[in-house]
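**Q** Sharing a model prediction with you, sequence too.
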Amino acid sequence: AQKVTQAQTEISVVEKEDVTLDCVYETRDTTYYLFWYKQPPSGELVFLIRRNSFDEQNEISGRYSWNFQKSTSSFNFTITASQVVDSAVYFCALSEAKGYSTLTFGKGTMLLVSP
Amino acid sequence: DAMVIQNPRYQVTQFGKPVTLSCSQTLNHNVMYWYQQKSSQAPKLLFHYYDKDFNNEADTPDNFQSRRPNTSFCFLDIRSPGLGDAAMYLCATSLPGTDTQYFGPGTRLTVL
């Protein structure tokens, strides 16, 4: 069975601080996908990134970066120079990558960025 | 341009009065999903369609039904809403082989 753990329930930072959201996963599959979604107060889940289990390269997109480490089963998300607009709930998710698969979500981390 | 559209954005119904939520997509994706999300919780998958094939999650109550008349549209019917069914309902779509799901803005259901 698959499992995603986001141990941080809520994080509060001041604008311009860097912040890292942790994600640890469990799976018996050798091929899988990892995802991050952002859910702002409006409620829509916004896709941020998908990472294939065979690709351990770190990814950077603007102020966002992701660190995937199979050795520790982690897929952490860092926001550099946080902004108030980054305030949201962030979900890490896992899928089996078998044609089409459903997502196993973590419980989410609420990020509050204050001015 | 909106890709996954949900109507209405807010729905108020009375206890026991049937309600239908709708979802449409312009992505032409084969797979459509319905999730229920309660406050401070992760989305919970209710069911999904792969084209016309319906897949119900084992713990989805019988009170929840779904219809997919064509590729673009999918409906969630709640036959007799209870107070515990008040939640955000999210629709998503995906293409086989990618698993990436694209979500609509959600419908927030209130049961009085």
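**A** Received, thanks. No experiment lies behind these values; they were computed from the predicted model shown.
**Q** mind checking the SS state of the spatially most central residue of chain B?
**A** Among the residues of chain B, the smallest C-alpha distance to the mean C-alpha position (CA atoms, centre = their mean) belongs to B:Trp34, namely 3.1 Å. B:Trp34 falls in the strand class when you classify it by DSSP: H, G, I helix; E, B strand; the rest coil.
**Q** That one bridge partners, please.
**A** Applying DSSP bridges to B:Trp34 gives these bridge partners: B:Phe47, B:Cys91.
**Q** The closest residue to A:Ser114 other than its chain neighbours: neighbouring residues, count only.
**A** Using CB to CB, 6 or more residues apart in numbering or on different chains and skipping the chain neighbours, the partner closest in space to A:Ser114 is A:Val14 (5.6 Å). The way it works is simple: take the backbone N, C-alpha and C, and place the C-beta from them, glycine included. Taking other CB atoms under 10 Å in any protein chain shown as the criterion, the count of residues near A:Val14 is 11.
**Q** could you say which helix or strand contains the residue nearest to A:Glu10 when sequence neighbours are not counted?
**A** Nearest-residue entry for A:Glu10: A:Met110, 4.5 Å, with adjacent residues in sequence omitted and distances by CB to CB, 6+ apart. Applying DSSP states H and E as the criterion places A:Met110 in strand A:109-114.
**Q** which helices and strands does that strand pack with?
**A** Judged by 3 or more CB pairs under 8 Å, 6 or more residues apart in numbering or on different chains; DSSP states H and E, the packing partners of strand A:109-114 are strand A:10-14, strand A:19-21, strand A:88-95.
**Q** now the strands for chain B?
**A** Along chain B, the segments classed as strands by DSSP state E run B:4-7, B:10-13, B:19-25, B:31-37, B:44-50, B:53-56, B:64-67, B:73-78, B:87-94, B:102-103, B:107-111.
**Q** Contact residues of chain B facing chain A?
**A** B:30-31, B:33, B:41-43, B:45, B:48, B:50, B:88, B:90, B:92, B:94-106, B:108 (CB under 8 Å from any CB of the partner chain).
**Q** circling back to that earlier point, pLDDT score assigned to the residue nearest to the centre of chain B?
**A** At B:Trp34 the predicted local confidence, pLDDT, stands at 97.
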